[in-house]
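Chemist: I'll drop the sequence and a predicted model, then ask my questions.
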Amino acid sequence: MTNIYNLTLNDLEEYFLNINEKKFRASQVYEFLYKKRVKTFDEMTNLGKNLIQKLKEDFFFQQIKIILKQEDVDVKKYLFELLDGQRIETVLMYHNYGISICVSSQVGCNMGCKFCESGRTKKIRDLEPYEIVEQILQIEEDIKERISHVVVMGIGEPFDNYNNVLKFVKIINEPKGIAIGSRHITISTSGIIAGIEKFMYEDGQVNLAISLHAPNDKLRRKIMPISNAYTIEELISVIKKYIAKTNRRVTFEYIMLDNINDTNECALELANLLKGINCYVNLIPYNETENIEFKRTKNNQIMNFYDILKKNKINVTIRKEFGGCVDAACGQLRANQNIGG
Ligand code: SAH
Ligand code: SF4
């Protein structure tokens, strides 16, 4: 038995054809789920009693639960409990261009980045598509507004859960469903090359962000164990291929860690590495956490770093900081609940 929110419109059409029903039933169900937002099959009145009974036998509806919420002016953070008791978190941010949500894709993460709370707990399991979809549905219900942008940047490495994450994208992108445009969806990866290779052949215009965080292998290996598996040279080479294939601009995320990767030399090295690549760099002021010793780069050094990239003609932005007082960086709320990471 599977959760009804695990199905793409296409899956649902196939299901109905298999049980000798008309294909359009799938669109009806989608409308009930994502436009009318019903929570039971009984509310899908125009399907008829027999079909409702059949759906009840084949699918379940039960949802993940919000168990904690922290709020600030422009940010809300949610802790969810899944049906098996595991916990994940989701962050909502208000921008001048709309409302974005940062969803989790796994319980824990196997990549083990040294600065990241999520990486301190080994992956417990992948999230199923419905567990990612429901983060959006439940938060929209809570705020009574529509979310316009989605980033897969919460707990977990999306390309270590490739199929479920891509299915999630298909479900929320469906015009008959939640209908979030693919240009408004971003997947962030720590750089799993096999995932990027696959992703470039997917339909749609979903954005790709790469967590680079260092301009050379020596430094990257100190903070990101994944760089023992793939060198920066290999990473840049697959990204060039991705850009050539898709014609899309890539975002490089660069977390600013005091005295680790934030020197002027690092900025110059980064500028040289990215010269001529259709990309922009997003500098992320580090969100300090009690459990990890890294410190946030001072503002004036963030500005120096920014200026050096600018002077070298690299597109660069500094990420607006949200919710310093609500444990806003990924994994922190969960960690501070003392629930194993
Ligand atoms: N695993 C994927 C996506 C989730 S992590 C990835 O690494 O890209 C999303 C982003 O949050 C990464 O760029 C990560 O470096 C950043 N991040 C992790 N801990 C942080 C912290 N304490 N402060 C600021 N950003 C953090
Ligand atoms: Fe995993 Fe991303 Fe955290 Fe690294 S930064 S441990 S890849 S969630």
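Modeler: Noted; the coordinates are in hand. Numbers count the residues shown, from 1 in each chain. Ligands and ions are numbered 1, 2, ... in the order given.
Chemist: Assign a three-state SS to residue 218, would you?
Modeler: Of the three states, residue 218 takes helix under DSSP: H, G, I helix; E, B strand; the rest coil.
Chemist: any idea whether the residue lying closest to residue 8 once chain neighbours are set aside is helix, strand or coil?
Modeler: Counting by Cβ to Cβ, 6 or more residues apart in numbering, the nearest residue to residue 8 once its immediate chain neighbours are dropped is residue 170, at 4.9 Å. Quick note: C-beta positions are derived from backbone N, CA and C, even for glycine. Of the three states, residue 170 takes helix under three-state DSSP.
Chemist: what's the burial count for residue 170?
Modeler: 20 (other Cβ atoms under 10 Å).
Chemist: What of residue 27?
Modeler: So residue 27, with other Cβ under 10 Å, has 17 neighbours.
Chemist: Would you confirm that it belongs to a helix?
Modeler: Yes. Residue 27: assigned to a helix according to three-state DSSP.
Chemist: isn't it right next to residue 9, touching?
Modeler: Yes. Using Cβ atoms under 8 Å, residue 27 is in contact with residue 9, at 7.1 Å.
Chemist: and for these two, which residues touch both?
Modeler: residue 176 (Cβ atoms under 8 Å, 6 or more residues apart in numbering).
Chemist: Could you report the separation of residue 148 from residue 45?
Modeler: Here residue 148 is placed at a distance of 31 Å from residue 45 (Cβ to Cβ, to the nearest Å).
Chemist: When these two are compared, which one has more neighbours?
Modeler: residue 148 (14 against 10).
Chemist: ok, that one to residue 190 distance?
Modeler: Distance from residue 148 to residue 190, by Cβ to Cβ: 26 Å.
Chemist: returning to what we had before: verify the stated contact: the residue nearest to residue 8 with residue 6.
Modeler: No. If you go by Cβ under 8 Å, residue 170 and residue 6 don't touch, sitting 11.2 Å apart.
Chemist: Check residue 339 and give its pLDDT.
Modeler: Note on residue 339: pLDDT of 33.
Chemist: Same question for residue 288.
Modeler: So residue 288 comes in at 89 (pLDDT).
Chemist: which residues touch the nearest residue to it once chain neighbours are set aside?
Modeler: Nearest residue to residue 288 in three dimensions, chain neighbours excluded: residue 296, at 5.4 Å (Cβ to Cβ, 6+ apart). Taking Cβ under 8 Å, 6+ apart, we find residue 296 in contact with 256, 257, 258, 285, 286, 287, 288.
Chemist: Relative to ligand 2, how far out is residue 296?
Modeler: Look at residue 296 and ligand 2: by Cβ to the nearest ligand atom, to the nearest Å, they are 16 Å apart.
Chemist: same check, this time on residue 157
Modeler: Distance from residue 157 to ligand 2, by Cβ to the nearest ligand atom: 4 Å.
Chemist: hang on, that residue packs against residue 108?
Modeler: No. Residue 157 is not in contact with residue 108 according to Cβ under 8 Å; the separation is 9.9 Å.
Chemist: Look at those two and report which has more neighbours.
Modeler: When residue 157 and residue 108 are compared on other Cβ under 10 Å, the one with more neighbours turns out to be residue 157, at 28 against 22.
Chemist: Contacts only, for that one.
Modeler: By Cβ under 8 Å, 6+ apart, the neighbours of residue 157 are 105, 106, 109, 110, 111, 189, 190, 192.
Chemist: Close to ligand 2 as well: tell me which of the residues you listed qualify.
Modeler: Checking these against ligand 2 by Cβ under 6 Å from any ligand atom, the ones in range are 109, 111, 190.
Chemist: so what's the residue nearest to residue 288 bridging to?
Modeler: Residue 296 has these beta-bridge partners by DSSP bridges: residue 257.
Chemist: just use 44 as the starting number from now, easier for me
Modeler: All right, first residue 44 from here; so that's residue 339.
Chemist: residues near the residue in the stretch 194-343 of the chain positioned nearest to ligand 2, how many?
Modeler: Going by Cβ to the nearest ligand atom, ligand 2 is nearest to residue 233 of the stretch 194-343 of the chain, at 3.6 Å. Counted with other Cβ under 10 Å, residues neighbouring residue 233 total 26.
Chemist: just residue 235 next, same as before
Modeler: Neighbours of residue 235 (other Cβ under 10 Å): 21.
Chemist: so it sits right up against residue 199, yeah?
Modeler: No. Counting by Cβ under 8 Å, residue 235 does not reach residue 199; the two are 11.9 Å apart.
Chemist: need the next SSE after the one helix or strand residue 176 maps to, C-terminal direction.
Modeler: Taking DSSP states H and E as the definition, one finds residue 176 inside helix 172-186. Remark: after helix 172-186, the chain's next helix or strand is strand 192-195, criterion DSSP H and E.
Chemist: Distance of residue 200 relative to residue 134?
Modeler: 17 Å.
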